[in-house]
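Chemist: Okay, here's the prediction I keep looking at, along with the sequence it came from:
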Amino acid sequence: MLDGRGLIRRRAGARLWLSGLWLALFVLAAVLAPLISPQDPLAQDLMLERLPPAWMAGSEPGYWLGTDSLGRDVLTRIIYGAQVALAVALVAGLATCLIGSALGLVAGFYRGWADRIISRIVDIWMAFPPVLFAILLIAVLGTGLSSVILAIVIIDWTRFCRVVRAETLNQSKMDYVHSAKVAGFTRLRTLLSEILPNVLPTIVALLTLEMGIAIIVEAILSFVNLSISTDQSTWGGMIAEGRTSIHQAWWVLVFPLIALFFTVLSFAQFGEGLRERFDPVLR
Amino acid sequence: MLLLRLTLSRLLTTLITLVGVAVIVFVVIRVVPGNPIAMMLPPGASAADIDRLKALYGLDKSIAEQFLIWFGNVLHGDFGTSITTRQPVLSLVLDRLPATLELSIMALVIAVIIGVTLAILGTRLRGRKAEAGIDVANGIGLSVPDFLWGLALILLFGVIWPVFQISGRVSPRLELPFTSQFYLFESIVRLRFDLTADLLSHMFMPALALALPLAAIISQLLKQSLKETVNLDYSVLARTKGYSETRVILSEALPNSILPTLTLVGVQFTFLIGGTIIVERLFSYEGLGNMAIDAVINRDLPLIQGIVILFAILFTFVNLAVDMTYAFLNPKLRHA
């Protein structure tokens, strides 16, 4: 018989393994894209337009998941699309995390004016619908990978700031913070060497979640044709194309959607699994 | 007394937030590249024409001046004129608002029904495999956003098993006798259930896409607090009286677990409203969100401003209402 904690741990284990495996595949696909892709992602051939996947009648060898309306290979474009998704997840995720967490730590630990100003800005930010905010920023910044990343950072830092601020506030009331003060630690040292390590598990869980969210935001922007140039393969761009030809060629929509679905799900589950594994209360 | 002070201070911060939103939207929009004036004029317009049009839209003054004029007008309910349609922004926006409100409320209702049902089931079947199944479903529901649910639903119920409409708000061939934009509400009041059915068949898929993440949150939180209350004294007492387990959950535990879930639902409702923007796009549903994306693509600055402000008002007031409800229902604050 498993007791409650054993059950949680076993489920967290399966969760970590499954999501970790998918994420490893995702990173490998992105890094090795030029080596493993069966076709050229941009090669258009109208003779090969809307070929069905390999197991259906009318398919061509070498086009495993079929082709889109311009005759481009779907599998190849999914693999190249992983490059954009990975870049957005890493750069936007980390930058959002650093800025949001730093502001959250400052607001929660130093309180006073810094807290009041930061919290007021967070309130204003929360009053914007995020998708509209993102589209608006792209209209201002122009399209392109760096604009997309910048827009995500500008919008999503509040997610870290709010949670880290609340967690820092909680930690600041703990005995060990008082002990650090008695021991003559400076305020900054208390924050960095005493409080930060205790807030870190929360930050890591949020970071993996944010990486998934960043990929979704990029896909949404690609979907409304406001992300990266349409030549480049992106999952969102493929989905937008697939949405329009859904009755003629469902595979153009389905396969990038599956890639996006599992990647986003895995990022969220991986973070949750990590938190469960390293949470001292559950352990 | 405390409650009054709390209300006033929350009202004040809400106003500050809204003014902040107005300032930011105004500044961001003024940096948009692509001159909207140039797009409105025929080729070969003279410099004098351009200046005249700039003066007409007040674009010849400094940004601070422009802001004060615009903000003064907004306070009088004048949001300017849309550049693409040349109609007043306020009437355009208010025309689309009912479609988005109906969609959001429908999504909220679906989310509550699914969430509460799963929570009760999960509590009733606690410790069994079914509960683990509900937990996994909750985890997936939480991690996958409305945009992806929308696409998955289009595939499932629009293409593979086409039982629902996947595009638009109402079938274009239908004659609509409506005098307001609240189509669903009006179709019910007028007893035109044929129209109600058509509207629902269009609305169900986008509403479900918006509802699933929220349903997962409700289910998870409510189940957690139900599982705590079914072990409390009054539940144990009810059981010794011979109440069935289902009845203990429904009549003893549920009323005592609703409050924390209720406040969370309020906060999450604003996220749901924000989600309508892309979901409406996905299903070509003619609401505010769809109009917002078109406005950005067309660089229709006055319209963008109007829509963002309206969304901000909606968000802040839902939050305000949630906070106030919580304060009124919380005995510690009520009797202070």
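Modeler: Yep, that arrived. Numbers count the residues shown, from 1 in each chain, chains lettered A, B, ... in the order given.
Chemist: Confirm that A:H247 sits in a helix.
Modeler: No. Under the criterion used here (DSSP: H, G, I helix; E, B strand; the rest coil), A:H247 is coil, not part of a helix.
Chemist: what number of residues lie near the residue nearest to it when sequence neighbours are not counted?
Modeler: Leaving aside its sequence neighbours, A:H247 sits nearest to B:V159 (CB to CB, 6 or more residues apart in numbering or on different chains; 6.8 Å). For every residue, glycine as well, the C-beta is placed using N, CA and C. Using other CB atoms under 10 Å in any protein chain shown, B:V159 is surrounded by 14 other residues.
Chemist: Next: B:L301.
Modeler: Residues lying near B:L301 (other CB under 10 Å) number 23.
Chemist: show me what contacts the closest residue to it other than its chain neighbours?
Modeler: Excluding the flanking residues, the one nearest B:L301 by CB to CB, 6+ apart is B:I29, at 5.1 Å. Contact partners of B:I29, counting by CB atoms under 8 Å, 6 or more residues apart in numbering or on different chains, are A:L136, A:V140, B:L301, B:I304, B:Q305.
Chemist: mind checking how far the fourth one is from A:P41?
Modeler: Here the criterion is CB to CB, to the nearest Å. By it, B:I304 lies 34 Å from A:P41.
Chemist: Those two: who's more crowded?
Modeler: For B:I304 versus A:P41, the count of surrounding residues by other CB under 10 Å is larger for B:I304: 27 against 20.
Chemist: for the helix or strand where the more buried one lies, which positions count as buried?
Modeler: Using DSSP states H and E, B:I304 sits in helix B:301-329. Going by neighbour count (16 or more other CB atoms under 10 Å in any protein chain shown), the buried part of helix B:301-329 is B:301-312, B:314-316, B:318-320, B:322-323, B:327.
Chemist: who's in contact with the residue of chain B found nearest chain A?
Modeler: Proximity to chain A, evaluated over chain B using CB to the nearest CB, is greatest for B:S143 at 3.4 Å. By CB under 8 Å, 6+ apart, B:S143 lies in contact with A:G212, A:V264, A:L265, A:F267, A:A268, A:Q269.
Chemist: Tell me the one of these nearest chain B?
Modeler: Nearest to chain B among these, with distances taken as CB to the nearest CB, is A:A268, at 3.4 Å.
Chemist: Looks like A:V264 contacts B:F147 (just checking).
Modeler: No. Between A:V264 and B:F147 there is no contact under CB atoms under 8 Å: 9.6 Å.
Chemist: distance of B:L210 from B:V112?
Modeler: The value you get for B:L210 to B:V112, if CB to CB is used, is 13 Å.
Chemist: Those two: which is more packed in?
Modeler: Taking B:L210 and B:V112 together and counting by other CB under 10 Å, B:L210 has the greater number of neighbours (29 against 18).
Chemist: Now the more buried one: closest residue in space, sequence neighbours ignored.
Modeler: Closest residue to B:L210 apart from its sequence neighbours, by CB to CB, 6+ apart: B:A107 at 3.8 Å.
Chemist: Okay, buried residues for the one helix or strand that neighbour maps to please.
Modeler: Using DSSP H and E, B:A107 sits in helix B:89-124. Within helix B:89-124, the residues that qualify as buried are B:89-90, B:92-93, B:96-108, B:110-112, B:114-116, B:118-124, counting by 16+ other CB under 10 Å.
Chemist: Check stretch A:245-257 too.
Modeler: A:I246, A:A249, A:W250, A:W251, A:V252, A:L253, A:V254, A:F255, A:P256, A:L257.
Chemist: So the third one is in contact with B:L155, correct?
Modeler: Yes. Using CB under 8 Å, A:W250 and B:L155 qualify as a contacting pair, with a distance of 7.0 Å.
Chemist: Okay, B:L259 and B:V265: tell me how far apart.
Modeler: B:L259 is 11 Å from B:V265, by CB to CB.
Chemist: all helices for chain A, in order.
Modeler: Taking DSSP state H, the helices of chain A run over residues A:4-31, A:33-36, A:74-87, A:93-110, A:112-126, A:130-141, A:145-172, A:175-182, A:187-189, A:196-223, A:235-244, A:251-278.
Chemist: and stretch A:267-276, does that touch chain B?
Modeler: Yes. Counting by CB under 8 Å from any CB of the partner chain, chain B is contacted by stretch A:267-276 at A:F267, A:A268, A:Q269, A:E272.
Chemist: no, scratch that, I was asking about stretch A:37-52
Modeler: No. Using CB under 8 Å from any CB, stretch A:37-52 stays clear of chain B, coming no nearer than 14.8 Å.
Chemist: Show me what the mean pLDDT comes to for that stretch.
Modeler: Taken as a whole, stretch A:37-52 carries a mean pLDDT of 80.
Chemist: next structured bit after the helix holding B:A107?
Modeler: With elements assigned by DSSP H and E, the helix or strand that comes after helix B:89-124 is helix B:129-143.
Chemist: Contacts only, for B:L97.
Modeler: Residues in contact with B:L97 (CB under 8 Å, 6+ apart) are B:Q181, B:L288, B:L310.
Chemist: would you list the residues you listed in JSON lines and tack on pLDDT and distance to B:G242?
Modeler: Below are the contacts of B:L97 laid out as JSON lines (pLDDT from 0 to 100; distance: CB to CB, whole Å):
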{"residue": "B:Q181", "pLDDT": "88", "distance to B:G242": "53"}
{"residue": "B:L288", "pLDDT": "94", "distance to B:G242": "53"}
{"residue": "B:L310", "pLDDT": "91", "distance to B:G242": "55"}
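Chemist: May I see those organised as CSV, with distance to A:P61 added?
Modeler: Formatted as CSV, the contacts of B:L97 follow (distance: CB to CB, whole Å):
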residue, distance to A:P61
B:Q181, 54
B:L288, 48
B:L310, 54
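Chemist: If I look at residue 78, what pLDDT would I see?
Modeler: As the question left the chain open, I've gone with chain A. On pLDDT, A:I78 comes in at 93.
Chemist: ah, no, chain B please
Modeler: At B:D78, the predicted lDDT confidence score is 86.
Chemist: likewise A:R5?
Modeler: Predicted confidence (pLDDT) for A:R5: 54.
Chemist: B:I188 against B:T196, yeah?
Modeler: Yes. The pair B:I188 / B:T196 is scored as a contact, 5.7 Å apart, by CB under 8 Å.
Chemist: With neighbour numbers in mind, choose between these two.
Modeler: Each of B:I188 and B:T196 has its neighbours counted (other CB under 10 Å); B:T196 has more, 17 against 14.
Chemist: That one: what's it in contact with?
Modeler: Counting by CB under 8 Å, 6+ apart, B:T196 touches B:L184, B:S187, B:I188.
Chemist: For burial, what's the neighbour tally of the first one?
Modeler: Here the number of neighbours of B:L184 (other CB under 10 Å) works out to 23.
Chemist: and it, what helix or strand is that in?
Modeler: helix B:183-189.
Chemist: For that helix, give me every contacting residue.
Modeler: B:98-99, B:102, B:106, B:169-170, B:176, B:178-180, B:193, B:195-196, B:199-200, B:203.
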